[in-house]
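**Q** turn this into a structure:
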Amino acid sequence: MRPRRSEGAGRQLGQSPHRPVRRAARQGAERVRRDFRLKDLYQSGKEFELTGRAMGFAALAMLTVIPLLIVVAAAGAATHHGLAVWVIYGMGLTRSSARSVVQLFSAPARVLDTTSVFSAVLVALFGVTFAGSVQAGFERVWGLPAGPWHKIWRQAAWLAALIAYIYASATVGEVTLRAPTETVSRVSVAVVLGIVFFWWGLRFLVGGRVSYLAAMPGAVATVAFLAGLRAFSTLVFEPLIATNAVTYGAVGTVLIVQSWLIGVGWVIYGGQLFGRWFHDGWLRSWADSGRGRGEPGCGEEGEPTPGGQSTPPRELGGVIGSSPARPSTPPSSPASSGAAGRCANTAAPAPRAGGHDGQAAEARRVPRSTVESSRLP
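**A** All right, here's what the predicted structure looks like:
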């Protein structure tokens, strides 16, 4: 019996060094989950219905934006393939899959010959509805009310900027595609263009109700997600296009392109969700602490009060990232030097003399000598 016990104790001693490691790993994972608030990000995407909105984005883009891009690419095509070159660059396709995409679109010369002025204007109006859908999604992400109807010109301007961004990115990729020494320049230009467009586009589309500081994380995240989508498309969509083109013909290629557009919608809305989550979790507290670093202990929003507690930060509504409202009471004379004197500047004035409180205040203001003289016979 004793040898068995010794063997069991030895086995437990042999396993004991691994338990602290597993416990530390679990604690580290729990700390990361708690500090980064990944559950909040998942919950916000679920409430936003990210997948459903991405599918709506893809369907509306196929019906409204793709025809407009076909006309624009045919009018300014550097090659004889028009929009097909843009799609191939965006999806990162090569060889047989690229040839399958080229077969989906007509030649640019034929597109220009069959396009009238009325049809071009109609296609442009349909594109504005796509911009309105994107604006509604951005306002939903940032918790903003719907913009006024007479600001529709912002949607048209944003759509024009979107087409210019796509044209510039595809042109840069096409020009420098065969020059290995210019790969770094091509990637840098594409990244800068993407960050500037999504950074400016969010604030412009919602009418300036989101600050530039709040819009920056979403722009960076969107560009990073687009790069990841392009890599995923090269690894997954490219062989699928080659296979479906043989099995289903042109319809199979269209299905893969539609799936890629769903990914684009997921990236655009997901980038804004990530930007809102990052802003609420880190940027807002950092900005509030930076604004209130000069006046500690005066009880402003998000800063510790003299009692040791902190007032909750202002809820998100209206303008994102704007400065907190200052008290409207007129400043009074400082009561003392230091922090108490600075806080006294924002204190409310004493109540005026009137009624019982006013009489008490007047009695406190009477000099002591006058009181003592009134007691004499």
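**Q** remind me which residues of the stretch 51-200 of the chain are low pLDDT?
**A** Applying pLDDT under 70 to the stretch 51-200 of the chain flags the ranges 77-81, 173-182.
**Q** which positions within stretch 49-69 qualify as buried?
**A** For stretch 49-69, the neighbour count (16 or more other C-beta atoms under 10 Å) marks 50, 53-55, 57-58, 60-61, 64-69 as buried. Quick note: C-beta positions are derived from backbone N, CA and C, even for glycine.
**Q** ok, residues contacting it?
**A** Applying C-beta atoms under 8 Å, 6 or more residues apart in numbering, the contact partners of stretch 49-69 are 83, 86, 123-124, 126-127, 129-130, 133-134, 137, 163, 166, 258-259, 261-266, 268-270, 273.
**Q** Throw together a PyMOL command that grabs the buried residues out of these.
**A** This is the PyMOL syntax for the buried subset of the contacts of stretch 49-69, where burial follows 16+ other C-beta under 10 Å:
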select buried, resi 83+86+123+124+127+130+133+134+137+163+166+261+262+263+264+265+266+268+269+270+273
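**Q** quick one, helices of the stretch 101-250 of the chain?
**A** Ranges of helices in the stretch 101-250 of the chain, per DSSP state H, counting those that start in this stretch, are 108-113, 117-141, 152-175, 183-205, 212-232, 238-247, 250-278.
**Q** closest one to residue 92 among the ones you listed?
**A** Closest approach to residue 92 among the helices of the stretch 101-250 of the chain is made by helix 212-232 (4.8 Å; C-beta to C-beta).
**Q** mind giving me the packing neighbours of that closest one?
**A** Helices and strands touching helix 212-232, by 3 or more C-beta pairs under 8 Å, 6 or more residues apart in numbering; DSSP states H and E, are helix 183-205, helix 250-278.
**Q** between it and helix 117-141, how many degrees?
**A** Interaxial angle, helix 212-232 versus helix 117-141 (axes from the mean of the first three to the mean of the last three C-alpha atoms, to 10 degrees): 110 degrees.
**Q** in helix 212-232, which residues are buried?
**A** For helix 212-232, a neighbour-count test (16+ other C-beta under 10 Å) marks 214-226, 229-230 as buried.
**Q** now do the same end-to-end measure for stretch 144-158.
**A** Stretch 144-158 has an end-to-end distance of 18 Å (criterion: C-alpha to C-alpha, to the nearest Å).
**Q** would TSV of the buried residues of stretch 49-69 with distance to residue 285 and secondary structure be doable?
**A** Below are the buried residues of stretch 49-69 laid out as TSV (distance: C-beta to C-beta, whole Å; DSSP: H, G, I helix; E, B strand; the rest coil):
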residue	distance to residue 285	secondary structure
50	26	helix
53	29	helix
54	30	helix
55	35	helix
57	32	helix
58	36	helix
60	37	helix
61	37	helix
64	40	helix
65	38	helix
66	42	helix
67	46	helix
68	42	helix
69	41	helix
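**Q** may I ask which two of these are separated the most?
**A** Maximum pairwise distance in these, criterion C-beta to C-beta, is 26.2 Å, between 50 and 67.
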